[in-house]
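Trainee: task: produce atomic coordinates for the following.
(one chain, ligands or ions: 1)
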Amino acid sequence: MRPYDVILKKRNNVKLSKEEIKYMVMGFINGEIPDYQMAAFLMAVYFRHMDEEERYHLTEIMAKSGDMIDLSVIPGIKVDKHSTGGVGDKTTLILAPMVASCGLPVAKMSGRGLGHTGGTIDKLESIPGFKTALSEEDFMSNVKRHGIAIVGQTANLAPADKKIYALRDVTATIDEISLIASSIMSKKLAAGADGIVLDVKVGSGAFMKDISSATDLARAMVDIGKRHGKETVALLTDMDKPLGLTIGNALEVEEAIDTLKGNGPKDLEELCVELGAQMLKIGKISPDLDSARETLRNSIKSGKALEKFRELVEIQGGNPNVIDDTSLLNISTHTRTITATRSGYIYSMDAEKIGISSMILGAGRIHKGDKIDLSVGVKLTKKTGDFVKAGETLCTLYYNREEKLKESVNMIQDAYTIKDTKPESVKLVHGVVQ
Ligand code: URA
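Mentor: Down below sits the predicted model:
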């Protein structure tokens, strides 16, 4: 076999065998296949795509390229959750303690933010003292004893995906459904859960800008999960505006704590309940979605979910006092309000621009490995559908670097469209793929 022949075959739209896909992936990982040939292969996949079977093989090969976490030592059904990435998406911070407090073990490996989207691990690190790197032994023992642990992905989790993703990032081959689906699902398979709930975002702040392409991505991921024997379900959820009212790490932790206290924005709480209900059903904690929703709402009302979050913070070395006194979170005291230039309804918001505006302030990374400022970000006062008078506050920027402010202000002003007519309201959950 030669790389040339496999590239040619895919270029000519001929289906690849497992051996051919493995030859390309492993050859690239071992350094036997150079970047230029792998880049050509990825571009051929970009234009010719992969069918269900090819995706299934690609996912398995990438998953098995590194550690396969064995969660079988933890009693019960383990259900993972994954979001395809959005702006202001702090659901894991709320959802994980909610479902854990209902008896579902949470052994979660999360990622860091990149581009306009945030990551759970960065957010957790804005809690003073919180450790996101635990030994495998401590990770397992925390889940066994406390029912919850959230850590960063180990360096050796699906290393083939890491290397291929880096090449996709510089060769304009990120946004192809087979490549995205196998990239995400390889990490989910390696992370060892029995079931997977996917939150596939749709809209201006998401990878997938329309429902049709988001449905295709969801279908591809659900098929891969099921073929690997994992119960998998995907919700298609709105990302045409940011989720909740905050974007930026410490700001999002504060909002997550408020939500666990029952004082959070409705969209955020509802999404946590919807995703959590699927998790409790797959985990056989609840017999159906309605009873799961009820159990989850009670976990907030009773304070059980908040107490589980406090336990999580304590066992991972963080200062649990932040829960009672969120001023202990380091949120920048330099603020700039953005006001409406005219009266009318907020007709639309470009969530990606809002995410970029926060990133420019330092809350996110342009490149992997960039240092970020956990104390900065954006707090929204008005969202799509709200009426606003000229001069009223739309949002507040929290910043430290004065020299970045102007660029961020311009970006966020551009993100709001105000009109005389009220927009049609958009559903939070567009559909379920299972
Ligand atoms: N997230 C991933 O992990 N991989 C992709 O390809 C896209 C988003």
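Trainee: all contacts plus neighbour counts: C-alpha atoms, from now on.
Mentor: Fine.
Trainee: now Lys379: which helix or strand?
Mentor: Counting by DSSP states H and E, the element that carries Lys379 is strand 377-380.
Trainee: who touches that strand?
Mentor: 245-249, 251, 358-359, 361-363, 394-399 (CA atoms under 8 Å, 6 or more residues apart in numbering).
Trainee: so which residues on this protein come close to the ligand?
Mentor: Residues of the chain lying close to the ligand by CA under 6 Å from any ligand atom are 84, 174, 179-180, 183-184.
Trainee: again, only this time at 8 Å
Mentor: Listed as neighbours of the ligand in the chain under the rule CA under 8 Å from any ligand atom: 84-85, 161, 165, 174-175, 179-184, 187, 207.
Trainee: what's the domain layout of this structure?
Mentor: Domain assignment for the chain by automatic domain parsing gives 3-48, 79-323, 331-419.
Trainee: residue in the protein nearest to the ligand?
Mentor: Ile180 (3.5 Å; CA to the nearest ligand atom).
Trainee: neighbours of Asp267, just the number please.
Mentor: Other residues near Asp267 number 16, with proximity taken as other CA atoms under 10 Å.
Trainee: got it, and His334?
Mentor: Under the criterion other CA under 10 Å, the count of neighbours that His334 has is 12.
Trainee: all strands of the stretch 51-200 of the chain, in order?
Mentor: Counting by DSSP state E, counting those that start in this stretch, one finds strands in the stretch 51-200 of the chain at the ranges 79-83, 106-110, 148-152, 195-202.
Trainee: between the ones you listed, which one is closest to Leu93.
Mentor: With CA to CA as the measure, strand 148-152 is the member of these nearest Leu93 (9.2 Å).
Trainee: would a markdown table of the residues of the chain next to the ligand with neighbour count be doable?
Mentor: Conversion of those to a markdown table gives the following (neighbours: other CA atoms under 10 Å):
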| residue | neighbour count |
| --- | --- |
| Thr84 | 19 |
| Gly85 | 21 |
| Asp161 | 25 |
| Tyr165 | 17 |
| Ile174 | 21 |
| Asp175 | 13 |
| Leu179 | 25 |
| Ile180 | 19 |
| Ala181 | 25 |
| Ser182 | 26 |
| Ser183 | 24 |
| Ile184 | 19 |
| Lys187 | 25 |
| Phe207 | 21 |
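Trainee: among the residues you listed, which one sits closest to Gly369?
Mentor: Ranked by distance to Gly369 (CA to CA), the residues of the chain next to the ligand are led by Tyr165 at 14.6 Å.
Trainee: pLDDT at that closest one, what is it?
Mentor: If you check Tyr165, the pLDDT there is 91.
Trainee: hang on, isn't it packed against Ile174?
Mentor: Yes. At 7.5 Å, Tyr165 counts as touching Ile174 under the criterion of CA atoms under 8 Å.
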